[in-house]
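S.K.: Just to be clear, the model below is a prediction. Sequence and coordinates:
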Amino acid sequence: MDILLWIIIILLFIASFLGIIFPMIPSVIAIWGGFLVYYFFINSDSLTWWFWTGMIVITVILFVADIIANSYFVKKFGGSKAGERGAAVAVIVGSFITPPFGIIYVPFFTVLAIEMIQRRTAKEAIRASIGSFLGFLGGSVAKVVLQLIMIAWFFIAIWF
């Protein structure tokens with residue numbers, strides 16, 4: 001029975017990384033699913049309140065990683081406040097429109113439109129939109145790193 005449970009845990013961890021590419025797979029929920037399978041069906045003693053507190057903090061960071069990264073890069077590439085806000089909303093909306101690519105092109109075109117409406121030059125608007133794309137890449141890298149930290153912390157907690 002333990003082998004089956006470990007297979008489920010590992011598959012949930014793998015699914016969490018697929019969620020970075022396919023936003024309709026809830027990455028964080030998959031990781032938490034692995035934790036909870038272990039806790040409720042294998043051993044509830046090795047995961048301490050420190051572990052659970054750390055996982056909650058990292059989970060909150062994971063939820064806002066795309067939004068923060070997108071806004072940061074739009075601003076860094078000369079986008080306006082409206083462009084930053086639009087990029088943040090577009091990341092959320094884009095994850096539901098033609099996944100997985102909507103999370104890339106919806107913020108790009110949203111920022112482009114917002115910057116053009118604000119009478120920016122085409123060059124400035126495209127530059128801010130490129131910032132949106134780099135924000136997606138930055139957010140994805142951040143999510144991979146944070147998910148690896150969560151999974152590594154889990155294995156450290158149960159083995160040591």
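M.R.: Thanks, I have it. Numbering: from 1, shown residues only.
S.K.: Skip the chain neighbours and tell me the closest residue to residue 54.
M.R.: In space, and not counting its chain neighbours, residue 54 is closest to residue 153: 6.4 Å by Cβ to Cβ, 6 or more residues apart in numbering. Backbone N, C-alpha and C define where each C-beta goes, glycine included.
S.K.: For the strand or helix carrying the one you found, buried residues please.
M.R.: Taking DSSP states H and E as the criterion, residue 153 maps to helix 122-159. Buried positions in helix 122-159, judged by neighbour count with 16 or more other Cβ atoms under 10 Å: 124-136, 138-140, 142-143, 146-147, 150-151, 153-154, 157-158.
S.K.: what is the mean pLDDT for that helix?
M.R.: For helix 122-159, the mean per-residue pLDDT is 93.
S.K.: State the number of residues packed around residue 8.
M.R.: Other residues near residue 8 come to 15 when the count uses other Cβ atoms under 10 Å.
S.K.: Just to check, it is in contact with residue 37?
M.R.: Yes - counting by Cβ atoms under 8 Å, residue 8 touches residue 37, with 5.6 Å between them.
S.K.: quick revisit: quick one: the residue nearest to residue 54 from residue 20, how far?
M.R.: Noted for residue 153: a distance of 18 Å to residue 20, by Cβ to Cβ, to the nearest Å.
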